[in-house]
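K.L.:
next one to model:
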Amino acid sequence: MSLRLNTFTKIVGIIVLLLIPIIALYWFSNKTSMDVVMNEVEISMHKDLSYFAAETDDTAEQLAKSGLMITEDINVRTLEFLEIATLYEQTDQKIRIADKLRLINASSDWDTTISIYAPATNTFVSTDFHLQYDKDLVAKNYSKVWKYTENVAPYYQNNPRFVRFLSEPYDSSSSNAGVIVEVSFAADELVKALERFKAGSKGDVFFSSPDRKILAVNGSDTELQKKLLAKVNLEKLSESQYTRIKLDGIEYTVNSVYMPELGWYLFDYLPIDDVVRPITANSNLFYICIVFLLIGSTIAAYVLYTNVQVPIRELIRGVKKLKKGEYPKLKVFHPNNEFHFLLVSFNDMASQIEQLIQNVYLEQIRSRDANLKQLQSQINPHFLYNCFSLIRSLTRLGEKESVMELALHLSRYYRYTTRSERQLAYLREEVELVKSYLAIQAMNVQDMTYVITIPEAMEELEIPRLILQPIVENAVLHGLEPIGGGEVRITGSQNDRYNVITVTDNGVGVTEEQLAQLKLQMSMPPTEDKGCALWNTRQRMTLQYGQEAGVRLIRGDDGGLTVELYWPNESEGNQS
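P.N.:
As a prediction, the model looks like this:
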(Lines give C-alpha, C1' and ligand atoms only; values in the text may rest on other atoms or scores of the structure.)
Protein backbone atom coordinates (compact mmCIF):
# COMPACT_ATOMS: atom_id res chain seq x y z
CA MET A 1 0.00 0.00 0.00
CA SER A 2 1.38 3.41 -0.97
CA LEU A 3 2.06 5.64 2.04
CA ARG A 4 2.94 8.72 0.04
CA LEU A 5 -0.26 10.61 0.85
CA ASN A 6 -1.78 8.20 3.31
CA THR A 7 -2.23 10.43 6.37
CA PHE A 8 -2.79 13.56 4.30
CA THR A 9 -5.49 11.85 2.24
CA LYS A 10 -7.23 10.52 5.32
CA ILE A 11 -7.32 13.90 7.07
CA VAL A 12 -8.59 15.69 3.97
CA GLY A 13 -11.13 12.91 3.47
CA ILE A 14 -12.43 13.31 7.03
CA ILE A 15 -12.74 17.07 6.55
CA VAL A 16 -14.64 16.56 3.29
CA LEU A 17 -16.93 13.96 4.90
CA LEU A 18 -17.72 16.42 7.69
CA LEU A 19 -18.40 19.23 5.25
CA ILE A 20 -20.64 17.20 2.93
CA PRO A 21 -23.60 16.84 5.40
CA ILE A 22 -23.21 20.49 6.43
CA ILE A 23 -23.34 21.66 2.83
CA ALA A 24 -26.20 19.27 2.05
CA LEU A 25 -28.26 20.48 5.03
CA TYR A 26 -27.56 24.11 4.18
CA TRP A 27 -28.49 23.51 0.54
CA PHE A 28 -31.77 21.87 1.59
CA SER A 29 -32.51 24.67 4.09
CA ASN A 30 -31.65 27.32 1.52
CA LYS A 31 -33.83 25.66 -1.12
CA THR A 32 -36.73 25.41 1.33
CA SER A 33 -36.34 29.08 2.24
CA MET A 34 -36.30 30.08 -1.41
CA ASP A 35 -39.39 27.98 -2.12
CA VAL A 36 -41.25 29.50 0.85
CA VAL A 37 -40.27 33.05 -0.14
CA MET A 38 -41.22 32.49 -3.77
CA ASN A 39 -44.53 30.92 -2.75
CA GLU A 40 -45.37 33.89 -0.53
CA VAL A 41 -44.34 36.35 -3.22
CA GLU A 42 -46.41 34.54 -5.83
CA ILE A 43 -49.46 34.45 -3.56
CA SER A 44 -49.02 38.15 -2.77
CA MET A 45 -48.59 39.01 -6.44
CA HIS A 46 -51.75 37.08 -7.32
CA LYS A 47 -53.77 38.80 -4.57
CA ASP A 48 -52.64 42.25 -5.69
CA LEU A 49 -53.28 41.35 -9.31
CA SER A 50 -56.75 39.99 -8.52
CA TYR A 51 -57.63 43.11 -6.56
CA PHE A 52 -56.47 45.41 -9.36
CA ALA A 53 -58.28 43.33 -11.99
CA ALA A 54 -61.52 43.38 -9.96
CA GLU A 55 -61.24 47.11 -9.44
CA THR A 56 -60.70 47.72 -13.15
CA ASP A 57 -63.51 45.36 -14.10
CA ASP A 58 -65.86 47.06 -11.60
CA THR A 59 -65.17 50.46 -13.17
CA ALA A 60 -65.97 49.09 -16.61
CA GLU A 61 -69.11 47.45 -15.23
CA GLN A 62 -70.26 50.74 -13.65
CA LEU A 63 -69.83 52.46 -16.99
CA ALA A 64 -71.97 49.78 -18.63
CA LYS A 65 -74.66 50.15 -15.94
CA SER A 66 -74.68 53.92 -16.43
CA GLY A 67 -75.24 53.40 -20.14
CA LEU A 68 -78.03 50.95 -19.41
CA MET A 69 -79.74 53.51 -17.15
CA ILE A 70 -79.60 56.03 -19.98
CA THR A 71 -81.44 53.69 -22.31
CA GLU A 72 -84.32 53.54 -19.79
CA ASP A 73 -84.49 57.32 -19.27
CA ILE A 74 -87.84 58.78 -20.48
CA ASN A 75 -86.22 61.91 -21.82
CA VAL A 76 -83.83 59.83 -23.93
CA ARG A 77 -86.75 57.81 -25.32
CA THR A 78 -88.39 61.02 -26.56
CA LEU A 79 -85.58 61.39 -29.09
CA GLU A 80 -87.44 58.83 -31.24
CA PHE A 81 -90.30 61.32 -31.64
CA LEU A 82 -88.41 64.60 -31.51
CA GLU A 83 -89.25 65.54 -35.10
CA ILE A 84 -92.85 66.47 -34.12
CA ALA A 85 -91.65 69.00 -31.55
CA THR A 86 -90.83 72.57 -32.26
CA LEU A 87 -87.26 73.63 -32.87
CA TYR A 88 -87.10 75.21 -29.42
CA GLU A 89 -88.42 72.03 -27.78
CA GLN A 90 -85.90 69.93 -29.72
CA THR A 91 -83.01 72.13 -28.65
CA ASP A 92 -84.18 72.24 -25.05
CA GLN A 93 -84.55 68.46 -24.96
CA LYS A 94 -81.07 67.88 -26.37
CA ILE A 95 -79.54 70.28 -23.80
CA ARG A 96 -81.39 68.53 -20.98
CA ILE A 97 -80.13 65.07 -22.14
CA ALA A 98 -76.57 66.35 -22.64
CA ASP A 99 -76.57 67.70 -19.06
CA LYS A 100 -77.63 64.31 -17.74
CA LEU A 101 -74.91 62.59 -19.76
CA ARG A 102 -72.24 64.94 -18.42
CA LEU A 103 -73.49 64.40 -14.88
CA ILE A 104 -73.21 60.64 -15.28
CA ASN A 105 -69.81 61.00 -16.96
CA ALA A 106 -68.49 63.16 -14.12
CA SER A 107 -69.13 60.35 -11.62
CA SER A 108 -66.56 58.12 -13.35
CA ASP A 109 -62.80 58.28 -12.72
CA TRP A 110 -62.11 57.52 -16.36
CA ASP A 111 -62.35 59.87 -19.32
CA THR A 112 -65.55 58.43 -20.77
CA THR A 113 -67.58 59.39 -23.79
CA ILE A 114 -71.35 58.64 -23.85
CA SER A 115 -73.23 59.13 -27.11
CA ILE A 116 -76.97 58.70 -27.99
CA TYR A 117 -78.33 58.38 -31.52
CA ALA A 118 -81.96 58.08 -32.66
CA PRO A 119 -81.96 56.87 -36.29
CA ALA A 120 -85.70 57.57 -36.70
CA THR A 121 -85.23 61.32 -36.11
CA ASN A 122 -81.55 61.42 -37.12
CA THR A 123 -80.77 62.95 -33.71
CA PHE A 124 -77.30 62.69 -32.09
CA VAL A 125 -76.33 63.75 -28.54
CA SER A 126 -72.86 63.19 -26.97
CA THR A 127 -70.79 64.31 -24.00
CA ASP A 128 -68.22 65.35 -26.58
CA PHE A 129 -69.66 68.30 -28.56
CA HIS A 130 -67.03 67.90 -31.26
CA LEU A 131 -67.93 64.31 -32.03
CA GLN A 132 -69.96 63.55 -35.12
CA TYR A 133 -72.00 60.48 -35.73
CA ASP A 134 -70.77 57.93 -38.32
CA LYS A 135 -73.28 55.23 -39.29
CA ASP A 136 -70.65 53.05 -40.95
CA LEU A 137 -68.33 53.24 -37.95
CA VAL A 138 -71.21 52.34 -35.60
CA ALA A 139 -72.13 49.40 -37.76
CA LYS A 140 -68.51 48.21 -37.83
CA ASN A 141 -67.82 48.58 -34.10
CA TYR A 142 -71.20 47.52 -32.80
CA SER A 143 -70.88 45.12 -29.86
CA LYS A 144 -73.01 44.30 -26.83
CA VAL A 145 -69.81 43.67 -24.83
CA TRP A 146 -66.68 45.77 -24.40
CA LYS A 147 -64.75 45.76 -27.64
CA TYR A 148 -61.20 47.00 -28.17
CA THR A 149 -61.00 48.87 -31.45
CA GLU A 150 -58.65 51.16 -33.22
CA ASN A 151 -61.35 52.27 -35.71
CA VAL A 152 -62.60 55.38 -33.91
CA ALA A 153 -63.79 58.77 -35.04
CA PRO A 154 -61.17 61.09 -36.56
CA TYR A 155 -61.56 63.39 -33.59
CA TYR A 156 -59.81 60.87 -31.36
CA GLN A 157 -56.83 60.84 -33.72
CA ASN A 158 -57.19 57.06 -34.04
CA ASN A 159 -56.28 56.44 -30.39
CA PRO A 160 -57.46 52.92 -29.42
CA ARG A 161 -60.64 52.76 -27.33
CA PHE A 162 -62.94 50.29 -25.62
CA VAL A 163 -66.48 50.58 -27.00
CA ARG A 164 -69.81 49.05 -25.88
CA PHE A 165 -73.33 49.59 -27.24
CA LEU A 166 -76.31 49.35 -24.90
CA SER A 167 -79.26 48.90 -27.30
CA GLU A 168 -80.94 46.40 -29.55
CA PRO A 169 -78.97 44.99 -32.48
CA TYR A 170 -78.27 47.76 -34.88
CA ASP A 171 -79.43 47.73 -38.49
CA SER A 172 -78.21 50.70 -40.51
CA SER A 173 -80.77 50.04 -43.28
CA SER A 174 -83.71 50.40 -40.88
CA SER A 175 -85.12 53.74 -39.78
CA ASN A 176 -86.86 52.20 -36.73
CA ALA A 177 -83.80 51.13 -34.79
CA GLY A 178 -84.95 52.86 -31.57
CA VAL A 179 -82.33 54.66 -29.47
CA ILE A 180 -78.63 53.63 -29.67
CA VAL A 181 -76.45 54.33 -26.59
CA GLU A 182 -72.70 54.08 -27.03
CA VAL A 183 -70.26 54.11 -24.08
CA SER A 184 -66.50 54.26 -24.73
CA PHE A 185 -63.29 55.06 -22.92
CA ALA A 186 -59.72 55.48 -24.10
CA ALA A 187 -57.35 52.51 -23.75
CA ASP A 188 -54.91 54.99 -22.19
CA GLU A 189 -57.11 54.91 -19.07
CA LEU A 190 -56.04 51.29 -18.51
CA VAL A 191 -52.41 52.26 -19.13
CA LYS A 192 -52.69 55.03 -16.52
CA ALA A 193 -54.19 52.57 -14.06
CA LEU A 194 -51.26 50.24 -14.77
CA GLU A 195 -48.79 53.01 -14.01
CA ARG A 196 -50.42 53.63 -10.63
CA PHE A 197 -50.48 49.91 -9.86
CA LYS A 198 -46.83 49.35 -10.88
CA ALA A 199 -45.70 51.99 -8.40
CA GLY A 200 -46.33 49.47 -5.61
CA SER A 201 -45.87 46.24 -7.56
CA LYS A 202 -42.79 44.03 -7.78
CA GLY A 203 -43.38 42.78 -11.30
CA ASP A 204 -44.15 44.19 -14.72
CA VAL A 205 -47.95 44.20 -15.22
CA PHE A 206 -49.73 44.53 -18.56
CA PHE A 207 -53.11 43.78 -20.16
CA SER A 208 -53.51 41.11 -22.80
CA SER A 209 -56.46 40.32 -25.03
CA PRO A 210 -57.36 36.69 -25.81
CA ASP A 211 -55.69 37.17 -29.21
CA ARG A 212 -52.43 38.36 -27.50
CA LYS A 213 -52.79 42.12 -28.05
CA ILE A 214 -50.85 43.97 -25.36
CA LEU A 215 -51.54 47.16 -23.40
CA ALA A 216 -48.54 48.18 -21.33
CA VAL A 217 -46.95 51.29 -19.86
CA ASN A 218 -44.31 53.15 -21.79
CA GLY A 219 -40.83 51.67 -21.41
CA SER A 220 -42.05 48.09 -20.94
CA ASP A 221 -40.14 45.25 -22.57
CA THR A 222 -42.81 44.33 -25.12
CA GLU A 223 -40.60 41.74 -26.83
CA LEU A 224 -40.17 39.84 -23.55
CA GLN A 225 -43.91 40.16 -22.86
CA LYS A 226 -44.72 38.65 -26.27
CA LYS A 227 -42.31 35.75 -25.67
CA LEU A 228 -43.86 35.03 -22.27
CA LEU A 229 -47.41 35.16 -23.69
CA ALA A 230 -46.36 32.72 -26.42
CA LYS A 231 -45.25 30.26 -23.73
CA VAL A 232 -48.49 30.14 -21.72
CA ASN A 233 -52.12 29.23 -22.13
CA LEU A 234 -53.94 32.26 -20.70
CA GLU A 235 -57.13 30.37 -19.84
CA LYS A 236 -55.33 27.62 -17.93
CA LEU A 237 -52.96 30.10 -16.27
CA SER A 238 -55.83 32.24 -14.99
CA GLU A 239 -57.33 29.10 -13.43
CA SER A 240 -54.06 27.95 -11.82
CA GLN A 241 -53.27 31.50 -10.66
CA TYR A 242 -49.50 31.36 -11.28
CA THR A 243 -46.75 29.23 -12.81
CA ARG A 244 -43.04 29.39 -13.63
CA ILE A 245 -41.43 29.71 -17.06
CA LYS A 246 -37.78 29.50 -18.10
CA LEU A 247 -36.90 31.79 -20.99
CA ASP A 248 -33.42 32.52 -22.37
CA GLY A 249 -31.85 30.98 -19.28
CA ILE A 250 -33.90 33.13 -16.86
CA GLU A 251 -36.74 31.70 -14.76
CA TYR A 252 -39.86 33.85 -14.31
CA THR A 253 -42.92 33.51 -12.14
CA VAL A 254 -46.03 34.58 -14.08
CA ASN A 255 -49.56 35.41 -12.87
CA SER A 256 -52.72 35.99 -14.82
CA VAL A 257 -56.27 37.07 -13.86
CA TYR A 258 -59.23 37.08 -16.24
CA MET A 259 -61.50 40.17 -16.24
CA PRO A 260 -64.95 38.92 -17.38
CA GLU A 261 -66.41 42.39 -17.88
CA LEU A 262 -63.69 43.60 -20.24
CA GLY A 263 -62.93 40.14 -21.61
CA TRP A 264 -59.17 40.75 -21.21
CA TYR A 265 -56.43 39.22 -19.03
CA LEU A 266 -54.27 41.02 -16.54
CA PHE A 267 -50.77 39.51 -16.75
CA ASP A 268 -47.86 39.95 -14.32
CA TYR A 269 -44.35 38.46 -14.37
CA LEU A 270 -41.24 38.71 -12.20
CA PRO A 271 -37.73 37.22 -12.57
CA ILE A 272 -37.19 34.80 -9.71
CA ASP A 273 -33.60 35.96 -9.33
CA ASP A 274 -34.84 39.43 -8.38
CA VAL A 275 -36.77 37.94 -5.46
CA VAL A 276 -34.18 35.48 -4.17
CA ARG A 277 -31.13 37.69 -4.78
CA PRO A 278 -30.58 38.41 -1.05
CA ILE A 279 -30.90 34.71 -0.26
CA THR A 280 -28.56 33.84 -3.14
CA ALA A 281 -26.02 36.42 -1.94
CA ASN A 282 -26.16 34.94 1.56
CA SER A 283 -25.81 31.45 0.10
CA ASN A 284 -22.79 32.47 -1.95
CA LEU A 285 -21.21 33.98 1.15
CA PHE A 286 -21.74 30.71 3.00
CA TYR A 287 -20.14 28.68 0.19
CA ILE A 288 -17.19 31.07 0.07
CA CYS A 289 -16.72 30.54 3.82
CA ILE A 290 -16.85 26.79 3.26
CA VAL A 291 -14.19 27.07 0.55
CA PHE A 292 -11.93 29.08 2.85
CA LEU A 293 -12.57 26.59 5.63
CA LEU A 294 -11.64 23.73 3.30
CA ILE A 295 -8.48 25.54 2.18
CA GLY A 296 -7.51 26.26 5.78
CA SER A 297 -8.18 22.65 6.77
CA THR A 298 -6.14 21.42 3.82
CA ILE A 299 -3.23 23.65 4.83
CA ALA A 300 -3.46 22.34 8.38
CA ALA A 301 -3.55 18.77 7.11
CA TYR A 302 -0.59 19.47 4.84
CA VAL A 303 1.41 20.87 7.77
CA LEU A 304 0.63 17.71 9.73
CA TYR A 305 1.54 15.63 6.69
CA THR A 306 4.93 17.28 6.20
CA ASN A 307 5.77 17.17 9.92
CA VAL A 308 4.67 13.59 10.61
CA GLN A 309 3.83 11.59 7.51
CA VAL A 310 6.81 12.60 5.39
CA PRO A 311 9.42 11.66 8.05
CA ILE A 312 7.63 8.35 8.70
CA ARG A 313 7.52 7.65 4.97
CA GLU A 314 11.24 8.46 4.73
CA LEU A 315 12.02 6.03 7.56
CA ILE A 316 9.94 3.28 5.91
CA ARG A 317 11.74 3.86 2.60
CA GLY A 318 15.10 3.65 4.35
CA VAL A 319 14.18 0.37 6.11
CA LYS A 320 13.05 -1.18 2.80
CA LYS A 321 16.30 -0.20 1.10
CA LEU A 322 18.29 -1.49 4.06
CA LYS A 323 16.58 -4.88 3.65
CA LYS A 324 17.69 -4.93 -0.01
CA GLY A 325 21.31 -4.33 0.92
CA GLU A 326 21.28 -0.62 0.13
CA TYR A 327 22.45 1.98 2.61
CA PRO A 328 20.57 5.21 1.92
CA LYS A 329 21.17 8.58 3.48
CA LEU A 330 17.76 9.84 4.47
CA LYS A 331 16.66 13.44 4.20
CA VAL A 332 16.53 15.16 7.58
CA PHE A 333 13.42 17.29 8.19
CA HIS A 334 12.50 19.95 10.72
CA PRO A 335 15.34 20.43 13.24
CA ASN A 336 12.85 21.17 16.04
CA ASN A 337 10.85 18.02 15.41
CA GLU A 338 11.34 14.73 17.28
CA PHE A 339 11.63 12.95 13.94
CA HIS A 340 14.89 14.84 13.38
CA PHE A 341 16.58 12.67 16.00
CA LEU A 342 15.18 9.46 14.47
CA LEU A 343 16.32 10.33 10.95
CA VAL A 344 19.81 11.38 12.07
CA SER A 345 20.15 8.19 14.12
CA PHE A 346 19.00 6.06 11.18
CA ASN A 347 21.60 7.70 8.90
CA ASP A 348 24.35 7.04 11.46
CA MET A 349 23.26 3.40 11.81
CA ALA A 350 23.13 2.87 8.04
CA SER A 351 26.58 4.39 7.64
CA GLN A 352 28.04 2.12 10.32
CA ILE A 353 26.47 -1.00 8.75
CA GLU A 354 27.72 0.00 5.32
CA GLN A 355 31.22 0.60 6.70
CA LEU A 356 31.30 -2.83 8.36
CA ILE A 357 30.25 -4.59 5.15
CA GLN A 358 32.65 -2.54 3.04
CA ASN A 359 35.52 -3.65 5.28
CA VAL A 360 34.87 -7.23 4.11
CA TYR A 361 34.51 -6.59 0.36
CA LEU A 362 36.46 -3.39 -0.18
CA GLU A 363 39.75 -5.05 -1.12
CA GLN A 364 38.09 -7.40 -3.62
CA ILE A 365 36.19 -4.55 -5.25
CA ARG A 366 39.25 -2.33 -5.43
CA SER A 367 41.33 -5.17 -6.84
CA ARG A 368 38.80 -5.88 -9.59
CA ASP A 369 38.41 -2.20 -10.52
CA ALA A 370 42.19 -1.79 -10.63
CA ASN A 371 42.57 -4.80 -12.90
CA LEU A 372 39.89 -3.55 -15.28
CA LYS A 373 41.38 -0.07 -15.46
CA GLN A 374 44.88 -1.46 -15.93
CA LEU A 375 43.77 -3.77 -18.73
CA GLN A 376 41.92 -0.99 -20.50
CA SER A 377 44.84 1.44 -20.15
CA GLN A 378 47.12 -1.17 -21.72
CA ILE A 379 44.80 -1.51 -24.69
CA ASN A 380 43.80 2.10 -25.37
CA PRO A 381 47.23 3.65 -26.33
CA HIS A 382 48.35 0.85 -28.66
CA PHE A 383 46.23 1.77 -31.66
CA LEU A 384 46.84 5.50 -31.23
CA TYR A 385 50.61 5.10 -31.76
CA ASN A 386 50.10 3.34 -35.10
CA CYS A 387 47.65 6.01 -36.31
CA PHE A 388 50.14 8.83 -35.73
CA SER A 389 52.73 6.95 -37.80
CA LEU A 390 50.24 6.47 -40.63
CA ILE A 391 49.22 10.16 -40.60
CA ARG A 392 52.88 11.13 -40.87
CA SER A 393 53.41 8.83 -43.85
CA LEU A 394 50.29 10.04 -45.69
CA THR A 395 51.24 13.67 -45.06
CA ARG A 396 54.65 13.09 -46.66
CA LEU A 397 52.90 11.61 -49.71
CA GLY A 398 50.57 14.60 -49.96
CA GLU A 399 47.42 12.48 -49.54
CA LYS A 400 45.28 15.27 -48.19
CA GLU A 401 41.93 13.51 -48.64
CA SER A 402 43.26 10.35 -47.06
CA VAL A 403 44.62 12.33 -44.12
CA MET A 404 41.24 14.00 -43.65
CA GLU A 405 39.42 10.66 -43.81
CA LEU A 406 41.95 9.14 -41.44
CA ALA A 407 41.53 12.05 -39.03
CA LEU A 408 37.74 11.59 -39.16
CA HIS A 409 37.97 7.91 -38.31
CA LEU A 410 40.59 8.59 -35.68
CA SER A 411 38.39 11.25 -34.05
CA ARG A 412 35.49 8.79 -33.90
CA TYR A 413 37.73 6.18 -32.39
CA TYR A 414 39.31 8.57 -29.90
CA ARG A 415 35.92 9.98 -28.90
CA TYR A 416 34.73 6.46 -28.15
CA THR A 417 37.83 5.37 -26.24
CA THR A 418 37.83 8.47 -24.02
CA ARG A 419 34.34 7.77 -22.76
CA SER A 420 35.18 6.19 -19.44
CA GLU A 421 31.89 6.60 -17.64
CA ARG A 422 30.79 3.04 -18.49
CA GLN A 423 32.78 -0.19 -18.44
CA LEU A 424 30.30 -1.83 -20.82
CA ALA A 425 29.22 -0.90 -24.33
CA TYR A 426 26.68 -2.12 -26.84
CA LEU A 427 28.00 -4.51 -29.48
CA ARG A 428 26.94 -2.11 -32.23
CA GLU A 429 29.19 0.56 -30.68
CA GLU A 430 32.16 -1.83 -30.67
CA VAL A 431 31.44 -2.73 -34.30
CA GLU A 432 31.42 0.96 -35.27
CA LEU A 433 34.82 1.33 -33.57
CA VAL A 434 36.18 -1.66 -35.47
CA LYS A 435 34.85 -0.24 -38.75
CA SER A 436 36.78 2.98 -38.11
CA TYR A 437 39.89 0.99 -37.26
CA LEU A 438 39.64 -1.20 -40.38
CA ALA A 439 39.00 1.84 -42.58
CA ILE A 440 42.26 3.37 -41.30
CA GLN A 441 44.20 0.11 -41.76
CA ALA A 442 42.81 -0.25 -45.30
CA MET A 443 44.77 2.92 -46.09
CA ASN A 444 47.92 1.36 -44.68
CA VAL A 445 47.55 -2.15 -46.13
CA GLN A 446 46.77 -1.71 -49.79
CA ASP A 447 45.08 -5.02 -50.62
CA MET A 448 43.20 -5.46 -47.38
CA THR A 449 39.41 -5.94 -47.32
CA TYR A 450 36.97 -6.66 -44.55
CA VAL A 451 33.45 -8.03 -44.08
CA ILE A 452 31.34 -7.54 -40.95
CA THR A 453 28.18 -9.59 -40.43
CA ILE A 454 26.46 -9.10 -37.07
CA PRO A 455 22.79 -10.19 -36.58
CA GLU A 456 20.47 -7.38 -35.60
CA ALA A 457 19.41 -9.32 -32.51
CA MET A 458 22.98 -9.12 -31.15
CA GLU A 459 23.56 -5.42 -31.71
CA GLU A 460 22.05 -4.41 -28.34
CA LEU A 461 24.09 -6.94 -26.33
CA GLU A 462 26.44 -5.37 -23.80
CA ILE A 463 30.13 -6.38 -23.82
CA PRO A 464 33.27 -4.92 -22.17
CA ARG A 465 34.52 -1.80 -23.90
CA LEU A 466 37.42 -2.24 -26.36
CA ILE A 467 37.11 -6.06 -26.20
CA LEU A 468 36.88 -6.61 -29.97
CA GLN A 469 39.42 -4.08 -31.33
CA PRO A 470 42.62 -5.82 -30.02
CA ILE A 471 41.57 -9.10 -31.70
CA VAL A 472 40.98 -7.34 -35.03
CA GLU A 473 44.25 -5.45 -34.61
CA ASN A 474 46.17 -8.72 -34.17
CA ALA A 475 44.53 -10.14 -37.28
CA VAL A 476 45.67 -7.13 -39.33
CA LEU A 477 49.16 -6.67 -37.88
CA HIS A 478 50.18 -10.32 -37.56
CA GLY A 479 48.00 -11.92 -40.23
CA LEU A 480 47.62 -9.55 -43.20
CA GLU A 481 50.46 -7.00 -43.05
CA PRO A 482 53.26 -9.55 -43.49
CA ILE A 483 51.78 -10.65 -46.86
CA GLY A 484 50.59 -7.20 -47.89
CA GLY A 485 46.85 -7.85 -47.92
CA GLY A 486 43.98 -10.24 -47.31
CA GLU A 487 40.54 -10.26 -45.77
CA VAL A 488 39.28 -9.88 -42.23
CA ARG A 489 35.83 -11.37 -41.59
CA ILE A 490 33.86 -10.56 -38.43
CA THR A 491 30.65 -12.52 -37.78
CA GLY A 492 28.25 -12.94 -34.90
CA SER A 493 26.05 -15.91 -33.96
CA GLN A 494 23.91 -17.21 -31.12
CA ASN A 495 22.82 -20.62 -29.92
CA ASP A 496 20.99 -21.94 -26.89
CA ARG A 497 23.99 -21.51 -24.62
CA TYR A 498 26.38 -18.92 -26.02
CA ASN A 499 26.80 -15.68 -27.86
CA VAL A 500 29.79 -15.92 -30.21
CA ILE A 501 31.78 -13.30 -32.13
CA THR A 502 34.26 -14.70 -34.63
CA VAL A 503 37.23 -12.79 -36.12
CA THR A 504 38.82 -14.65 -39.04
CA ASP A 505 41.71 -13.64 -41.30
CA ASN A 506 43.26 -15.43 -44.29
CA GLY A 507 46.76 -14.18 -43.57
CA VAL A 508 50.02 -15.99 -42.86
CA GLY A 509 48.45 -18.22 -40.24
CA VAL A 510 50.27 -20.17 -37.51
CA THR A 511 51.78 -23.60 -37.11
CA GLU A 512 50.58 -26.10 -34.54
CA GLU A 513 53.53 -25.20 -32.31
CA GLN A 514 52.81 -21.48 -32.61
CA LEU A 515 49.11 -22.08 -31.84
CA ALA A 516 50.05 -24.01 -28.69
CA GLN A 517 52.39 -21.20 -27.67
CA LEU A 518 49.60 -18.58 -28.15
CA LYS A 519 47.20 -20.59 -26.01
CA LEU A 520 49.86 -20.83 -23.29
CA GLN A 521 50.52 -17.07 -23.39
CA MET A 522 46.77 -16.41 -23.23
CA SER A 523 46.46 -18.36 -19.97
CA MET A 524 49.47 -16.76 -18.19
CA PRO A 525 50.10 -13.14 -17.11
CA PRO A 526 52.13 -11.12 -19.62
CA THR A 527 55.85 -10.40 -19.20
CA GLU A 528 57.96 -7.53 -20.50
CA ASP A 529 58.96 -9.41 -23.66
CA LYS A 530 55.52 -10.85 -24.46
CA GLY A 531 52.33 -9.22 -25.76
CA CYS A 532 49.30 -8.97 -23.53
CA ALA A 533 46.33 -8.48 -25.91
CA LEU A 534 44.95 -12.05 -25.81
CA TRP A 535 45.60 -12.39 -22.07
CA ASN A 536 43.88 -9.06 -21.41
CA THR A 537 40.90 -10.05 -23.55
CA ARG A 538 40.49 -13.42 -21.80
CA GLN A 539 40.86 -11.84 -18.36
CA ARG A 540 38.24 -9.22 -19.06
CA MET A 541 35.76 -11.76 -20.45
CA THR A 542 36.22 -13.97 -17.39
CA LEU A 543 35.88 -11.09 -14.96
CA GLN A 544 32.74 -9.88 -16.69
CA TYR A 545 30.89 -13.12 -17.43
CA GLY A 546 32.52 -15.76 -15.22
CA GLN A 547 34.39 -18.95 -16.05
CA GLU A 548 31.95 -19.95 -18.81
CA ALA A 549 33.18 -17.08 -20.99
CA GLY A 550 36.52 -16.82 -22.73
CA VAL A 551 38.55 -16.73 -25.94
CA ARG A 552 39.05 -19.64 -28.36
CA LEU A 553 41.86 -19.87 -31.02
CA ILE A 554 41.34 -22.01 -34.16
CA ARG A 555 43.97 -22.59 -36.84
CA GLY A 556 42.72 -22.44 -40.43
CA ASP A 557 43.40 -25.40 -42.73
CA ASP A 558 44.40 -23.09 -45.61
CA GLY A 559 46.18 -20.51 -43.49
CA GLY A 560 44.95 -17.69 -41.33
CA LEU A 561 43.66 -17.74 -37.79
CA THR A 562 40.19 -17.63 -36.23
CA VAL A 563 39.59 -16.06 -32.82
CA GLU A 564 36.22 -16.61 -31.10
CA LEU A 565 34.87 -14.57 -28.19
CA TYR A 566 32.07 -16.44 -26.40
CA TRP A 567 29.97 -15.84 -23.33
CA PRO A 568 26.71 -17.26 -21.90
CA ASN A 569 23.61 -16.44 -23.86
CA GLU A 570 21.84 -15.14 -20.72
CA SER A 571 24.45 -12.44 -20.47
CA GLU A 572 22.35 -10.00 -18.48
CA GLY A 573 21.87 -12.48 -15.70
CA ASN A 574 25.59 -13.20 -15.49
CA GLN A 575 26.88 -9.66 -15.52
CA SER A 576 28.25 -8.41 -12.22
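
K.L.:
any low-confidence regions in the stretch 151-300 of the chain?
P.N.:
151-158, 168-177 (pLDDT under 70).

K.L.:
all strands for it, in order.
P.N.:
Listed in chain order, the strands of the stretch 151-300 of the chain (DSSP state E, counting those that start in this stretch) span 161-165, 180-186, 204-208, 214-215, 242-247, 250-259, 264-271.

K.L.:
what's the closest non-adjacent residue to residue 476?
P.N.:
Among residues not flanking residue 476 along the chain, residue 441 sits closest, at 5.0 Å (CB to CB, 6 or more residues apart in numbering). Quick note: C-beta positions are derived from backbone N, CA and C, even for glycine.

K.L.:
what do you get for residue 198?
P.N.:
Counting by CB to CB, 6+ apart, residue 205 is the residue found nearest to residue 198 once chain neighbours are left out, at 5.8 Å.

K.L.:
quick one: contacts for the one you found?
P.N.:
By CB atoms under 8 Å, 6 or more residues apart in numbering, the contact list for residue 205 reads 49, 52, 194, 197-198, 266-268.

K.L.:
likewise for residue 514?
P.N.:
The contact partners of residue 514, by CB under 8 Å, 6+ apart, come to none.

K.L.:
what about it, distance to residue 535?
P.N.:
Going from residue 514 to residue 535 by CB to CB, to the nearest Å gives 16 Å.

K.L.:
show me the contacts for residue 356.
P.N.:
If a contact means CB under 8 Å, 6+ apart, then residue 356 has no contacts.

K.L.:
so for it, what's the pLDDT?
P.N.:
pLDDT for residue 356: 76.

K.L.:
which phi and psi does it have?
P.N.:
Backbone torsions of residue 356, given as degrees, to the nearest 10, read phi -60, psi -40.

K.L.:
where's it relative to residue 348, distance?
P.N.:
Distance from residue 356 to residue 348, counting by CB to CB: 13 Å.

K.L.:
which one is residue 209 nearest to, not counting chain neighbours?
P.N.:
residue 264 (5.4 Å).

K.L.:
ok, residue 221 next?
P.N.:
Residue 221's closest residue in space is residue 204 (CB to CB, 6+ apart), at 7.2 Å.

K.L.:
so who does residue 248 touch?
P.N.:
The contact partners of residue 248, by CB under 8 Å, 6+ apart, come to residue 227.

K.L.:
numbering from 182 from now on, please.
P.N.:
All right, first residue 182 from here; so that's residue 429.

K.L.:
what are the ranges of the strands in the stretch 182-331 of the chain?
P.N.:
293-299, 304-307, 328-330.

K.L.:
pick the most buried one from those.
P.N.:
When you average the neighbours per residue for each of the strands of the stretch 182-331 of the chain (mean count of other CB atoms under 10 Å), strand 293-299 leads with a mean of 24.

K.L.:
on contacts alone, who are the packing partners of it?
P.N.:
Contacts defined by 3 or more CB pairs under 8 Å, 6 or more residues apart in numbering; DSSP states H and E place strand 293-299 against helix 187-253, helix 268-287, strand 304-307, strand 361-367.

K.L.:
right, and these - which one's nearest residue 733?
P.N.:
helix 187-253 (57.7 Å; CB to CB).

K.L.:
that closest one vs helix 268-287, what angle?
P.N.:
Orientation check (axes from the mean of the first three to the mean of the last three CA atoms, to 10 degrees): helix 187-253 against helix 268-287 gives 160 degrees.

K.L.:
gap between helix 187-253 and the chain center?
P.N.:
37 Å (CA atoms, centre = their mean, to the nearest Å).

K.L.:
now that helix: average pLDDT?
P.N.:
Per-residue scores along helix 187-253 average to 80.

K.L.:
repeat that for stretch 745-756.
P.N.:
Mean predicted lDDT for stretch 745-756 stands at 71.
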